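Engineer: Let me see the structure of the following:
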Amino acid sequence: MALEFSVVIDLPFIIALVGGVLAVIDAITRLRRGSTILAIIQIIASVLFVLSLFIANVPFGAPLLAVVTILMLLLQLVFSGTTRRGGAAITVIAIILLVIWLVLIGGRVIIPGVNA
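Structural biologist: So this is what the prediction gives:
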């Protein structure tokens, strides 16, 4: 008896994965440059978001983690001091990809205690 697996890789999954990985990379580079608190929170949110793409029962779900990651990326843009060349580009690309992913999944954002 053979075990069969079917892997479905669609466009929203690829967009979410690239956006989440760019958010992790952005947070790690900002952590090395010294903005610690926001970078640590961004690492936690973005890693949980990437994991939620692969694991079914991550608390709060992928859409809410995407919203938190987008908010952290926006805060990093606002509170970033001097950034290296191209540093803001990774942040902006990650924000755009995550917003596109949220639009593609149809706005099914469930916030526990608010609309769930």
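
Engineer: List the buried residues of the strand or helix carrying Val78.
Structural biologist: Applying DSSP states H and E as the criterion places Val78 in helix 61-79. In terms of neighbour count (16 or more other CB atoms under 10 Å), helix 61-79 has its buried residues at 61-70, 72-73, 76. All C-beta spots, glycine's among them, are computed from the backbone N, C-alpha and C.

Engineer: Closest to Gly106 out of those?
Structural biologist: Using CB to CB, Pro63 is the member of those that lies nearest Gly106, at 9.6 Å.

Engineer: Distance of the closest one relative to Gly34?
Structural biologist: According to CB to CB, to the nearest Å, Pro63 stands 31 Å off from Gly34.

Engineer: tell me the helices in this structure, going along the chain?
Structural biologist: Along the chain, the segments classed as helices by DSSP state H run 11-33, 36-54, 61-79, 87-104.
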